[in-house]
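> below is the structure, and that's it, no one-letter string:
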């Protein structure tokens with residue numbers, strides 16, 4: 001006879017095999033061959049790929065003057081590795097064997113890699129005959145596209161290949177399309193050149209970013225996970241938050257957010273943290289559907305958390321034409337808002353169900369535990385700050401040897417932190433099915449992983465302070481992490497006096513090998529996705545279909561910006577179904593971002609280009625959640641044993657707070673740290689946005705202090721709008737901007753603060769359509785310089801003409817061109833802030849009064865209308 005406790009244990013035990021298989025099928029390939037040759041191939045090829053990428057990103061080839069690869073060569077090799085691995089690691093069909101690699105897959109791997117390496121071997125010959133492909137060139141181009149589409153089907157599913165094939169059909173059958181869509185069509189040689197032999201298609205910007213930057217960041221995350229950082233993040237999260245109301249859910253949010261810092265996959269994030277957090281959430285009382293949905297929401301939001309952002313951060317930098325550090329700066333506040341508000345969501349769910357936390361190992365108060373962890377982290381931050389301050393000093397003292405001196409200082413801090421870590425027991429992997437879960441002591445957990453922060457600090461320092469390229473920064477960070485993976489175990493054994501240093505060193509080398517291989521296999525899908533997305537990009541530039549899409553969206557929305565934004569949000573979510581984050585962004589940025597820019601500027605909304613690209617990125621990401629394809633929801637439901645569609649619907653309900661953010665920062669750029677003048681204004685705006693997000697969550701969850709009535713929810717929604725968009729309300733009273741003649745643009749451009757924006761009105765005929773139009777746009781002003789130089793930096797050359805300034809030309813691919821400025825147009829007006837206009841932040845006062853009124857009303861009835869409590873039949877007099 002089965003006891004109830006045994007039955008409950010079986011119900012709580014997650015289906016790890018299904019979840020792990022889902023991750024393998026989606027991220028690394030589900031094939032595990034039995035024969036030795038195939039196993040060695042799936043070990044040595046990804047290892048060689050990782051070593052190649054490290055070599056390509058390092059300064060050694062240029063120092064030693066050997067093994068130097070140009071961008072085109074590197075992209076060809078990068079894709080060749082991916083094609084070999086996708087055909088050998090990913091089975092063709094569900095019925096295909098997993099225990100061996102069939103002969104046809106060997107053949108596809110060799111032919112696919114050969115088509116990619118064709119550009120490497122014959123690059124000089126191809127450069128000598130641009131636009132004049134030979135028969136062999138055309139055959140290789142056609143075969144390469146076919147192999148790539150099959151590779152995308154195996155590794156990414158049907159969505160991206162179907163979309164790519166539709167664009168291919170459109171490219172060839174242009175003359176037979178309806179009038180609006182008709183074009184002259186492409187010949188097979190022209191298409192082969194466009195898609196495969198040039199950088200206009202498969203080997204374009206997206207694959208270049210994957211080659212130069214993304215690989216090393218994915219490798220960095222893989223090595224950090226192999227070093228033990230993933231388990232450390234989860235343990236710290238549970239030690240800090242597990243004892244609070246609904247503690248496992250709050251720990252899941254923190255743990256998934258920390259994992260999202262280093263992860264490039266929503267599905268992998270769900271499985272990494274969810275195998276432990278979901279069963280614990282169920283154990284404290286969360287229903288399976290809600291437990292899975294919370295983990296999905298937390299894990300998907302990891303894709304919008306800098307510095308990696310699912311690899312999209314580097315693509316955004318390329319497409320917008322700004323530095324990577326600026327992308328991180330613009331993206332950080334929305335990411336923090338969505339994570340902090342998710343804490344509020346899970347707290348509301350815990351209040352509704354009257355849930356408790358988990359028991360703790362020690363009786364130290366939660367405040368004391370948080371303080372101890374904060375002191376530990378703050379101590380390391382101070383160490384890092386001292387290093388930063390000391391770097392300037394070392395340059396003065398040591399001159400050319402400053403790098404060696406700084407390296408030795410970082411090494412000393414690393415060894416010291418490992419010495420501290422060795423005094424504490426190792427963190428074991430928890431068994432989520434164990435019924436006796438006791439939370440660890442924060443004071444014992446926090447110091448055990450403090451040394452993991454050193455490579456992270458080196459990476460961030462190189463990116464944000466030294467302003468090195470993302471690739472070189474990732475190389476230095478990954479090199480430091482490789483050293484950590486190899487040395488941490490023997491150093492800990494040395495400080496403990498445990499002996500067997502050689503064995504510990506071998507374990508470190510095995511961890512390094514495993515991390516290098518896993519990192520490369522995690523990149524297969526991303527490399528294939530960025531390459532396949534190049535087919536869509538190539539079609540857009542070949543046929544001009546982007547202009548057609550713009551006309552269609554404008555016609556359907558009748559030129560209304562709000563309708564257009566909602567329509568493009570829906571298009572982004574549909575295009576993103578079944579696609580990974582990176583490919584999803586490339587597609588929507590190519591097709592949808594220009595549409596938003598066109599309609600917004602024509603409606604007089606001065607939109608920043610980075611805001612538009614973050615907008616389409618956010619909504620494309622929603623496809624990871626929404627049924628029927630949301631892979632993250634399927635992974636969570638495999639663990640929670642809940643219905644995947646119900647899990648996806650519930651997760652989307654939680655994600656409504658994330659979905660509202662793009663609609664906010666499109667109109668309020670201050671949420672992207674644009675137009676903020678001082679720290680006080682920053683704190684005020686972020687604080688107001690956070691309160692507004694809490695109120696929006698309260699409306700979607702229908703609870704604030706207690707259950708909300710309809711009119712109370714309406715009041716909270718109005719208050720949230722006033723906190724999110726104070727400028728819109730204040731403009732109804734007093735306009736914030738006043739206009740001056742366009743001939744002052746050079747003077748005003750010089751006065752804009754560093755990295756600020758200049759708001760201008762551009763009038764004249766569009767260079768393509770010939771239609772007279774007037775647009776309002778924001779031009780980003782970079783470093784201080786003369787007005788003409790700053791305008792030239794964003795791609796605008798001008799000359800004064802009367803009261804206006806005429807545009808002589810725009811730089812190819814510049815921000816000015818992307819915003820719709822063309823030669824022959826004029827800058828007719830410049831908009832400057834009216835010094836007599838009241839501060840927009842005054843709108844916060846009535847918003848807070850509304851919130852206070854609702855709070856007072858709900859406080860009075862909190863006892864008889866409290867969630868989780870039985871409702872009284874009659875209200876008190």
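Perfect, I can see it now. As the structure is a prediction and not an experimental result, all values here were calculated from the model.
> contacting residues around residue 481?
Neighbour list for residue 481: 220, 223-224, 227, 455 [criterion: CB atoms under 8 Å, 6 or more residues apart in numbering]. Quick note: C-beta positions are derived from backbone N, CA and C, even for glycine.
> in the stretch 751-877 of the chain, which spans are helices?
787-793, 815-818, 844-860 (DSSP state H, counting those that start in this stretch).
> what comes up buried for the shortest one?
Read that as helix 815-818. Under the neighbour-count criterion of 16 or more other CB atoms under 10 Å, helix 815-818 has 815-818 buried.
> closest to residue 503 out of the helices of the stretch 751-877 of the chain?
Across those, residue 503 has its closest neighbour in helix 815-818 (56.1 Å, CB to CB).
> mean confidence for the closest one?
Helix 815-818 shows a mean pLDDT of 82.
> now do stretch 153-169
87.
> distance from stretch 798-806 to the middle of the chain?
41 Å (CA atoms, centre = their mean, to the nearest Å).
> contact partners of that stretch?
741-743, 745-746, 763, 788, 791, 807-808, 824-828.
> tell me the one of the contacts of residue 481 nearest residue 598?
residue 220 (37.6 Å).
> how about that closest one, what does it touch?
262, 455, 459, 474, 477-478, 481, 519.
> pLDDT below threshold where in the stretch 451-600 of the chain?
Scanning the stretch 451-600 of the chain for pLDDT under 70 picks out 464-465, 576-579.
> ok so, going back, pull out the buried members of the contacts of residue 220.
For these, buried by 16+ other CB under 10 Å: 262, 455, 459, 474, 477-478, 481, 519.
> nearest to residue 88 among those?
residue 519 (17.2 Å).
> let me see the contact set for the most centrally placed residue in the chain.
When CA atoms, centre = their mean is applied to the chain, the residue found nearest the centroid is residue 309 (1.9 Å). Residues in contact with residue 309 (CB under 8 Å, 6+ apart) are 303, 316, 327, 331, 617.
> go again using 7 Å as the cut-off
303, 331 (CB atoms under 7 Å, 6 or more residues apart in numbering).
> and it, how far from residue 303?
Counting by CB to CB, to the nearest Å, the gap from residue 309 to residue 303 is 6 Å.
> quick check: neighbours shared by these two?
With CB under 7 Å, 6+ apart, residue 309 and residue 303 have no common neighbours.
> tally up the residues packed near the nearest residue to residue 782 once chain neighbours are set aside, please.
Once flanking residues are discounted, residue 782 sits nearest to residue 793: 5.3 Å by CB to CB, 6 or more residues apart in numbering. Residue 793: 19 surrounding residues under other CB atoms under 10 Å.
> likewise for residue 549?
So residue 549, with other CB under 10 Å, has 18 neighbours.
> next, give phi and psi for residue 354.
Taking degrees, to the nearest 10, you get phi 60, psi 50 for the backbone angles of residue 354.
> I meant residue 740, not that one.
According to degrees, to the nearest 10, residue 740 has phi -130, psi 160.
> need the contact list for it.
By CB under 7 Å, 6+ apart, the neighbours of residue 740 are 829-830, 832.
> give me the subset of the buried ones among the contacts of residue 220 lying in helices.
Here DSSP state H is the test, and the buried ones among the contacts of residue 220 give 455, 459, 474, 477-478, 481, 519 as lying in helices.
> residue 155: which of the residues you listed is nearest?
Residue 155 has its nearest neighbour among those in residue 519, at 16.0 Å by CB to CB.
> tell me where the stretch 51-200 of the chain has strands.
In the stretch 51-200 of the chain, no strands are found when defined by DSSP state E, counting those that start in this stretch.
> ok, the stretch 351-500 of the chain next?
Using DSSP E, counting those that start in this stretch, strands in the stretch 351-500 of the chain do not occur.
> need the contacts of residue 481 in TSV with secondary structure and distance to residue 500, can you?
Output for the contacts of residue 481, formatted as TSV (DSSP: H, G, I helix; E, B strand; the rest coil; distance: CB to CB, whole Å):
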residue	secondary structure	distance to residue 500
220	helix	29
223	helix	23
224	helix	25
227	helix	20
455	helix	26
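> how about these, which pair is most distant?
220 and 227, at 10.6 Å, using CB to CB across these.
> neighbours around residue 39, how many?
Neighbour count for residue 39, taken as other CB under 10 Å: 12.
> and for it, nearest residue in space, chain neighbours not counted?
Going by CB to CB, 6+ apart, residue 39 has residue 33 as its nearest residue, at 5.7 Å.
> tell me the secondary structure at that neighbour.
With DSSP: H, G, I helix; E, B strand; the rest coil as the basis, residue 33 sits in coil.
> that one against residue 100, yeah?
Yes - with contact defined as CB atoms under 7 Å, residue 33 counts as touching residue 100 (5.2 Å).
> quick one: residue 668 and residue 721 touch, right?
No - look at residue 668 against residue 721 with CB under 7 Å: they stay out of range, at 10.7 Å.
> on that earlier part again, want to throw the contacts of residue 220 into a markdown table with distance to residue 239?
Formatted as a markdown table, the contacts of residue 220 follow (distance: CB to CB, whole Å):
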| residue | distance to residue 239 |
| --- | --- |
| 262 | 20 |
| 455 | 23 |
| 459 | 25 |
| 474 | 30 |
| 477 | 26 |
| 478 | 29 |
| 481 | 24 |
| 519 | 28 |
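> which one of the residues you listed sits closest to residue 93?
residue 519 (27.4 Å).
> burial count for residue 108?
Taking other CB under 10 Å as the criterion, the count of residues near residue 108 is 22.
> would you mind measuring from the closest residue in space to it that isn't next to it in sequence to residue 218?
Leaving out its chain neighbours, the residue that sits closest to residue 108 by CB to CB, 6+ apart is residue 87, at 4.4 Å. Counting by CB to CB, the gap from residue 87 to residue 218 is 20 Å.
> equivalent analysis for residue 860, please.
On the measure of CB to CB, residue 860 and residue 218 end up 54 Å apart.
> again with residue 187
In this view, residue 187 and residue 218 are 38 Å apart by CB to CB.
> residues near residue 557, how many?
Count around residue 557 with other CB under 10 Å applied: 18.
> looking at the helices of the stretch 751-877 of the chain, which is buried most?
Mean neighbour count (mean count of other CB atoms under 10 Å) peaks for helix 815-818 among the helices of the stretch 751-877 of the chain, with a mean of 22.
> which neighbouring elements make contact with that one?
Using 3 or more CB pairs under 7 Å, 6 or more residues apart in numbering; DSSP states H and E as the contact test, no helix or strand touches helix 815-818.
> roughly how far is that helix from the heart of the chain?
Using CA atoms, centre = their mean, the offset of helix 815-818 from its chain centre is 24 Å.
> what's that helix in contact with?
Counting by CB under 7 Å, 6+ apart, residues outside helix 815-818 touching it are 321, 597, 609, 779-780, 794-796, 810-811.
> can I have the buried ones of those residues as a ChimeraX selection?
Remark: buried members of the contacts of helix 815-818, expressed as a ChimeraX selection using 16+ other CB under 10 Å:
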select :321,597,609,779,780,794,795,796,810
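> need the contacts of helix 815-818 in JSON lines with distance to residue 539, can you?
Putting the contacts of helix 815-818 into JSON lines (distance: CB to CB, whole Å) gives the following:
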{"residue": "321", "distance to residue 539": "22"}
{"residue": "597", "distance to residue 539": "20"}
{"residue": "609", "distance to residue 539": "22"}
{"residue": "779", "distance to residue 539": "30"}
{"residue": "780", "distance to residue 539": "29"}
{"residue": "794", "distance to residue 539": "28"}
{"residue": "795", "distance to residue 539": "25"}
{"residue": "796", "distance to residue 539": "29"}
{"residue": "810", "distance to residue 539": "24"}
{"residue": "811", "distance to residue 539": "24"}
